[in-house]
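**Q** Quick check, what structure comes out for this input:
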Amino acid sequence: MNSTRPRRAVRLAAAVLAAALVGTLAACASADSSKPAGPASEAATGPWEFTDDRGTKVSLPSKPKRIVAQVHAAAALWDFGVKPVGVFGPQRKPDGTPDPQVGSVDLNTVKSVGAEFGEFNLEEYTKLQPDLVVTIMYGPALWYVPEEAKPKIEKLAPIVGIRLDGKSAAESIKKFGELAKSLGADIDAPAVKEAKADFDKASADVTAAAKGNAGLKVAMVIGEQGGYWVADPKWHGDAILFKELGVDVVAPGKPDASFGFEKLSWEQAGLYPADLVLEDARTLGMTPAELAAKFPTWKEIAAVKANQVGNWRAETASSYKEYAKVLKELAEKVKSARADVVS
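**A** Next up, the predicted model:
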């Protein structure tokens, strides 16, 4: 990786700046009632509307049935019982297995309209005859929706955006639940209730672990070729949730408000001491073993020397099912870590 920013930060920069330049469209849209029914929800009855996290009220003459969604949004909706017909954004790892962001989405049953940032296949999108597009947001940016293609995308179907930064992951999950319910999903279905119970239990376990290991400091970081990035716990939804549950997440002193990180050189990697480091587990980054082999200062970080490194499951889909897994893993890490690695 030759960039000076992690790829997610680069994507954030491009998207946020593009959105700022052109502004946010806040208009109601209509759907073509002749479109074939899709598997997204029950039969539509009467007009439908939903207000997204831009404050945009999306209105349609009937409940949308054919949904195209960014993979994070698709995974969140899927776990609430809404199955999109198309997806865009990261779907498979280099070895062909599903990207972690995909969650429970069956990639064999949905059509891809693009996998890379800035890629959106309008021809395939048109063939899907969409009623609605759903994506996530960081700041004002509609994630993986190219600004130059946005007018053509919205000509066929309106866009709903759900923001992830600056609020707890629990709030984002709730918002996706509200959207799913409006689309006809039974959010009290046994599978959803079971996932919520698992989420609540895992949340309680994290709180108990944090209380039982008072003083433990946790840093959430990305280590890569261009430097060492420390996450701002006021920006990232998962970090906000962790703090709500009692985890002491280390805050960098000078985070970039646009990206939610402070970038440090590798020589500065120990600037913000922590007993436990959660390092980006996505395939776009480097593994702890790769970091140890390439950057000597990684091995000098206190938590690394103490063998207290865990996974940061960045970009986990906003669903109770997926976050229950993250919280279970976090609870175990917090419970087993030593709190005396740094003073």
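**Q** Quickly list the domain ranges of this protein.
**A** Structural domains assigned to the chain are 7-187, 201-336, following automatic domain parsing.
**Q** wait, is residue 162 part of a strand?
**A** Yes. Counting by DSSP: H, G, I helix; E, B strand; the rest coil, residue 162 falls inside a strand.
**Q** Any idea what it is bridged to?
**A** Taking DSSP bridges as the rule, residue 162 bridges to residue 136.
**Q** contacting residues around it?
**A** By C-beta atoms under 8 Å, 6 or more residues apart in numbering, residue 162 lies in contact with 52, 53, 73, 134, 135, 136, 137, 172, 175, 176, 179, 318. In short, each C-beta sits where N, CA and C put it, glycine included.
**Q** Check residue 110 too.
**A** Counting by C-beta under 8 Å, 6+ apart, residue 110 touches 74, 83, 84, 85, 86, 87.
**Q** switch the cut-off to 10 Å
**A** Contact partners of residue 110, counting by C-beta atoms under 10 Å, 6 or more residues apart in numbering, are 39, 67-69, 71, 74, 78, 83-87, 91, 102, 128.
**Q** sorry, back to before: out of the contacts of residue 162, who's nearest residue 247?
**A** residue 172 (18.0 Å; C-beta to C-beta).
**Q** what about that closest one, distance to residue 162?
**A** Separation of residue 172 from residue 162 (C-beta to C-beta, to the nearest Å) stands at 6 Å.
**Q** so what sits against both of the two?
**A** Joint contacts of residue 172 and residue 162 (C-beta under 10 Å, 6+ apart) are 53, 72, 76, 136, 137, 318.
**Q** Tell me the one of those residues nearest residue 191?
**A** residue 76 (14.0 Å).
**Q** And that closest one, which helix or strand is it part of?
**A** Under the criterion of DSSP states H and E, residue 76 resides in helix 71-79.
**Q** other SSEs contacting the helix or strand just after that helix?
**A** Moving toward the C-terminus from helix 71-79, the next helix or strand (DSSP H and E) is strand 86-88. Applying 3 or more C-beta pairs under 10 Å, 6 or more residues apart in numbering; DSSP states H and E, we find strand 86-88 packed against strand 67-70, helix 71-79, strand 111-112, helix 122-127, strand 132-138.
**Q** Is it correct that residue 331 is in contact with residue 310?
**A** No. Using C-beta atoms under 10 Å, residue 331 is not in contact with residue 310, being 11.1 Å away.
**Q** Columns neighbour count on top of the shared contacts of residue 172 and residue 162, output as JSON lines?
**A** As requested, the shared contacts of residue 172 and residue 162 are exported to JSON lines (neighbours: other C-beta atoms under 10 Å):
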{"residue": "53", "neighbour count": "17"}
{"residue": "72", "neighbour count": "29"}
{"residue": "76", "neighbour count": "33"}
{"residue": "136", "neighbour count": "26"}
{"residue": "137", "neighbour count": "25"}
{"residue": "318", "neighbour count": "29"}
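**Q** okay, those residues in JSON lines with pLDDT and distance to residue 286 next?
**A** Putting those into JSON lines (pLDDT from 0 to 100; distance: C-beta to C-beta, whole Å) gives the following:
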{"residue": "53", "pLDDT": "97", "distance to residue 286": "32"}
{"residue": "72", "pLDDT": "98", "distance to residue 286": "22"}
{"residue": "76", "pLDDT": "99", "distance to residue 286": "28"}
{"residue": "136", "pLDDT": "98", "distance to residue 286": "25"}
{"residue": "137", "pLDDT": "97", "distance to residue 286": "27"}
{"residue": "318", "pLDDT": "98", "distance to residue 286": "26"}
